[in-house]
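Student: Just to be clear, the model below is a prediction. Sequence and coordinates:
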Amino acid sequence: MITQTAKFDIRPVTSTADNQIFLDIPARIYAKDPYWVPPIQSSIAKQFTPTNPFLNYGKLQQFITVSQENSQPVGRIVAAVNQRLIEREAQNIGLFGFFECIQDFTVAQALLDTACKWLREQGMTVARGPIDFSTHNNCLFLVDGFDSPPMVMMPYNPPYYPEFMERDNWHKAKDAYAYDFPLDKPLPPEFEKAYRIACKSGVNFRPIATKGEAFERDAKSIYQLFNRAFAPNWSSTPRSEAEFLEEAKDLRDLIDPDVFPVAEYNGEMVGFWMGLPDYNIPLKQVNGKLNWLGILKFLWYRRQIDRGRVIAICSLPEYRRKMVPLALIYLGMQGGKQKGKPYKRAELSWVFEDNFASRKLIEAAGGKIYKTYRIYEKVL
């Protein structure tokens, strides 16, 4: 199926050459953007191989757009059906993701229309996105806060993307926020007090293990906690333990244990603060390729890392009375500020706008909203 217009063609990705065009499009879109961080191409390509676990419960179709005038690629999109999401929400919700487009509304509209047409053919009645297969992967469009680079594993896009969505009659499904934490200001004394109360209550705190069987045990415990604590999250779908452990292994060498404390009670993990150094700083220098030269550049520029991202603060509900969430914030922040650490600021992201319990806690710790992200929906 090739959709033709006066200026460009849209076609499904059906060959190795098409797939390479798909992978190369972001570099063209962001060629002059000082904040964009090229993703590792091999990691993106891996998601479109037959071994992707998503294909066990979902299906997808990649599309690319090519100019008729000069044969240059001008956009891409992926339409996907996540059966787990459909079962969870009891609604035929289709997804679009991996969206990139030049600053031309006609191209954007054609891409979105093509994805929606494919989703309708699969029996979907609502389209939602951007979501790259699931909210565990890359998702959300940045809609406010374009004056600074994204932190590790956070989305980034040109300001005209949300404008195109509104112009094409998509509506806001939900917003999410990124919070800025300057590390030169002390936490309110209630957080240290909460840590002492938690310790007296029998809660034990330690850094996450990063080696051998101990790492695998901790990764499995975190997986169980994720499923128990975050299962009710909007648009979230469960991952298998194998999927989660594969992702954890990819991140193991990037962990700084001092900013990744875990909480235990009677030997069982009951909470964690998941912090990561902002590896976008060295990744920006490798141009999306971790070949031998890219690895050398990564190792060299990682010394410039001076900020970190807090991906999640998790505690089982029954341990909140033991002050575990506040204690984890205290330990995570203290770990980032200790002597010898390079961190000057941290970002906690992302938090849905209606997650008032988490937002209240984050704001009490001094976090300030500095970026806003959005997921859109459209009735098909």
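Tutor: Noted; the coordinates are in hand. As the structure is a computational prediction, the values presented were derived from the model and not from experiment.
Student: My guess is residue 239 contacts residue 137. True?
Tutor: No: using CB atoms under 8 Å as the test, residue 239 is too far from residue 137 to be in contact (10.1 Å). Any C-beta I mention is one placed from the backbone N, CA and C, and that applies to glycine too.
Student: higher neighbour count, the two?
Tutor: The neighbour comparison of residue 239 against residue 137 (other CB atoms under 10 Å) goes to residue 239, with 19 against 14.
Student: list the contacts for that one?
Tutor: The neighbours of residue 239, taking CB atoms under 8 Å, 6 or more residues apart in numbering as the test, are 134, 136, 223.
Student: For the residues you listed, which entry has the maximal number of neighbours?
Tutor: The most neighbours of any of the contacts of residue 239, using other CB under 10 Å, belong to residue 134, which has 23 neighbours.
Student: Please state the backbone phi and psi of that residue?
Tutor: The main-chain torsion angles of residue 134 are listed as degrees, to the nearest 10 and equal phi -160, psi 160.
Student: Report the contact partners of it.
Tutor: 54, 82, 84, 85, 236, 237, 239 are the contacts of residue 134 under CB under 8 Å, 6+ apart.
Student: Relative to residue 147, which of those is nearest.
Tutor: Closest approach between the contacts of residue 134 and residue 147, by CB to CB: residue 236, at 29.8 Å.
Student: Thought residue 226 was touching that closest one, still the case?
Tutor: No: contact between residue 236 and residue 226 fails when scored by CB under 8 Å: they sit 9.6 Å apart.
Student: which one of those two has more residues nearby?
Tutor: Neighbours were counted for residue 236 and for residue 226 using other CB under 10 Å; residue 226 has more, 20 against 16.
Student: do you know how far the residue nearest the centre of the chain is from residue 12?
Tutor: For the chain, the residue whose C-alpha lies nearest the mean C-alpha position (CA atoms, centre = their mean) is residue 138; its distance is 4.2 Å. Distance of residue 138 to residue 12, computed by CB to CB, to the nearest Å: 21 Å.
Student: same thing with residue 233?
Tutor: If you go by CB to CB, the gap between residue 233 and residue 12 works out to 32 Å.
Student: the more surrounded of these two?
Tutor: Between residue 233 and residue 12, counted using other CB under 10 Å, residue 12 has the larger neighbour count: 16 against 12.
Student: bridging residues for the more buried one?
Tutor: Following DSSP bridges, residue 12 is listed with bridge partners residue 63.
Student: So residue 265 is in contact with residue 203, correct?
Tutor: Yes: in this structure, residue 265 is within contact of residue 203 by CB under 8 Å, at 5.4 Å.
Student: nearest residue to residue 150 other than its sequence neighbours?
Tutor: Sequence neighbours aside, residue 156 is the residue nearest to residue 150 in space, at 4.0 Å (criterion: CB to CB, 6 or more residues apart in numbering).
Student: cool, and residue 88?
Tutor: Residue nearest to residue 88 in three dimensions, not counting chain neighbours: residue 237, with 6.1 Å by CB to CB, 6+ apart.
Student: Surely the one you found touches residue 84?
Tutor: Yes: with contact defined as CB under 8 Å, residue 237 and residue 84 form a contacting pair (4.0 Å).
Student: more crowded one of those two?
Tutor: Remark: of residue 237 and residue 84, residue 237 carries more neighbours, 21 against 16, as counted by other CB under 10 Å.
Student: With that, I have no additional questions.
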